[in-house]
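>>> predicted model, plus sequence, below.
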Amino acid sequence: MRHFAKALAVVAIAALLIPSMAFAGGQAEPAEAETFHIDVGLGLNDQSAQYASVEYFKELVEERSDGRITVAIYHSSALGDDREMMEDLQVGALEMTCPSTAPMVGFVSGYQVYDLPFLFPSYDAAYYVLDSEIGQDLLDQLEDVGIIGLAYWCNGFRHLTNSRREVRVPADVQGMRLRTMESPIHLGAWEAAGANPTPMAFGELFSAMQQGVVDGQENPWGTIYLQSFPEVQDYATDTGHIYSPFVFMISKIFWDTLPADLQEIIEVAAVEARDHNRELNQRWNNEFREQLKDVMTVTELTMDERRQWQEAVQPVYDRFADQIGEDLIQAVQDTVAEWEAMQ
Ligand code: KDG
């Protein structure tokens with residue numbers, strides 16, 4: 001389908017260009033190349049690895065397209081939250097965004113599989129699944145809702161923070177008001193652990209913590225540090241309960257206006273920027289975890305404490321199996337096992 005659209009775009013461009021070539025003294029004057037502008041909307045701020053990686057993408061695309069594509073980046077939810085920006089992509093009101101997969105589940109329900117806690121044992125295991133046929137199939141399904149999924153970028157392993165007390169085991173979060181991303185499985189997991197979770201868009205989170213509307217939240221170390229969460233949160237726990245991917249995506253309406261050569265430039269740059277983003281995010285998540293120790297209490301879990309978390313949230317696997325699809329869960333678990341066997 002995508003190849004057909006590309007072929008059609010090439011024919012259309014050729015049809016536009018050929019008649020516009022004016023022949024003077026036997027020499028063709030090149031027609032003015034059409035230019036395209038991309039606005040990218042992001043939820044995180046301009047200090048984030050997400051922002052730095054989109055800047056990297058911008059440089060690649062602007063240089064390789066010889067100025068035929070320009071890119072502007074808007075951060076800190078200035079253009080809306082993840083769900084709103086995806087809706088804008090669907091109607092062609094925004095060209096690109098990079099949401100976490102959790103708020104994507106209302107668009108393609110299969111993305112729920114990534115919300116299962118303790119699914120991936122490491123970054124590399126997650127990348128192995130995301131870059132496999134399973135991950136590609138979920139990216140392809142976005143086309144049915146008017147979006148082209150270009151690549152999985154990295155948000156990171158998520159860790160709990162709160163303003164109330166040190167948390168080591170599920171008993172410590174009983175009744176605690178925690179913000180989660182807008183995903184029924186995230187909500188279900190925190191309910192199963194005994195907390196009182198509430199879904200909220202990222203853009204509202206800081207003031208909700210500041211005003212005491214919620215006691216805590218969970219995010220990767222880089223986000224916790226770079227979004228200044230220690231100003232309103234005193235305690236962090238190294239739960240690493242979920243690996244959270246981003247999807248770098250583009251509006252299909254916009255995509256279909258692009259000539260094939262520009263589509264290819266974007267596709268290749270999105271994957272190169274993915275590798276840059278994964279390396280940067282992984283490194284930063286590790287570095288910021290250390291720096292956070294200077295500004296808040298960071299609690300590392302023993303094996304037994306980690307096992308208690310795993311057991312507490314395990315019920316969501318059964319509870320959401322029908323909704324996610326048992327085959328899909330099994331396929332992801334088999335692929336993780338395949339990765340483990342290769343180590
Ligand atoms: O654009 C990305 C962010 O808006 C968001 O996905 C970050 O992990 C995140 C969260 O907690 O909402």
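All right, it came through fine.
>>> can you give me the end-to-end distance of stretch 61-75?
19 Å (C-alpha to C-alpha, to the nearest Å).
>>> got phi/psi on the most centrally placed residue in the chain?
Centroid-nearest residue in the chain: Phe246, 1.3 Å away (criterion: C-alpha atoms, centre = their mean). Backbone dihedrals for Phe246, given as degrees, to the nearest 10, come out at phi -100, psi 160.
>>> ok, it - contacts?
50, 98-101, 152-155, 277 (C-beta atoms under 8 Å, 6 or more residues apart in numbering). Yep, even glycine has a C-beta here, placed from its N, CA and C like the rest.
>>> ok, now with 10 Å
42-44, 49-50, 53, 82, 97-101, 104, 151-156, 274, 277, 281 (C-beta atoms under 10 Å, 6 or more residues apart in numbering).
>>> could you check how far the helix ranked longest in the chain is from the centre of its chain?
In terms of residue count, the longest helix belonging to the chain (DSSP state H) is helix 260-292. Helix 260-292 sits 11 Å away from the centroid of its parent chain (C-alpha atoms, centre = their mean, to the nearest Å).
>>> and it, does that touch the ligand?
No - remark: helix 260-292 sits outside contact range of the ligand, by C-beta under 6 Å from any ligand atom, the gap being at least 11.6 Å.
>>> ok, then the element right after that helix?
For helix 260-292, the succeeding helix or strand toward the C-terminus, using DSSP states H and E, is strand 297-299.
>>> so what touches that next one?
Contacts for strand 297-299 (C-beta under 10 Å, 6+ apart): 159-161, 165-168, 172, 221, 224, 230, 233-239, 289-292, 305.
>>> who touches the residue of the stretch 101-250 of the chain at minimum distance from the ligand in this structure?
Relative to the ligand, the nearest point of the stretch 101-250 of the chain is Phe202 (3.4 Å; C-beta to the nearest ligand atom). Contact partners of Phe202, counting by C-beta under 10 Å, 6+ apart, are 43-44, 76-77, 81-82, 99-100, 103, 179, 181-182, 217, 219, 223, 227.
>>> could you look up the SS state of Tyr128?
Secondary structure for Tyr128, judged by DSSP: H, G, I helix; E, B strand; the rest coil, is helix.
>>> okay, and the closest residue to it other than its chain neighbours sits in which element?
Spatially, and ignoring its direct neighbours in sequence, Tyr128 is nearest to Trp339 (4.3 Å; C-beta to C-beta, 6 or more residues apart in numbering). If you go by DSSP H and E, Trp339 is part of helix 326-342.
>>> if I look at the closest residue to Gly92 other than its chain neighbours, how far off is Phe229?
Spatial nearest neighbour of Gly92, chain neighbours left out: Ile253 (3.5 Å); criterion: C-beta to C-beta, 6+ apart. In this view, Ile253 and Phe229 are 36 Å apart by C-beta to C-beta, to the nearest Å.
>>> again, but for Glu32
According to C-beta to C-beta, Glu32 and Phe229 sit 49 Å apart.
>>> picking up where we left off before, the residue nearest to Tyr128 and the ligand, how far apart?
From Trp339 across to the ligand, the span is 24 Å (C-beta to the nearest ligand atom, to the nearest Å).
>>> in the chain, what residue is nearest the ligand?
In the chain, the residue that lies nearest the ligand is Gly43 (1.9 Å; C-beta to the nearest ligand atom).
>>> does that residue lie in a helix or a strand, and which?
Counting by DSSP H and E, Gly43 is part of no helix or strand.
>>> surely it meets Asp81?
Yes - with contact defined as C-beta atoms under 10 Å, Gly43 reaches Asp81; the gap is 6.4 Å.
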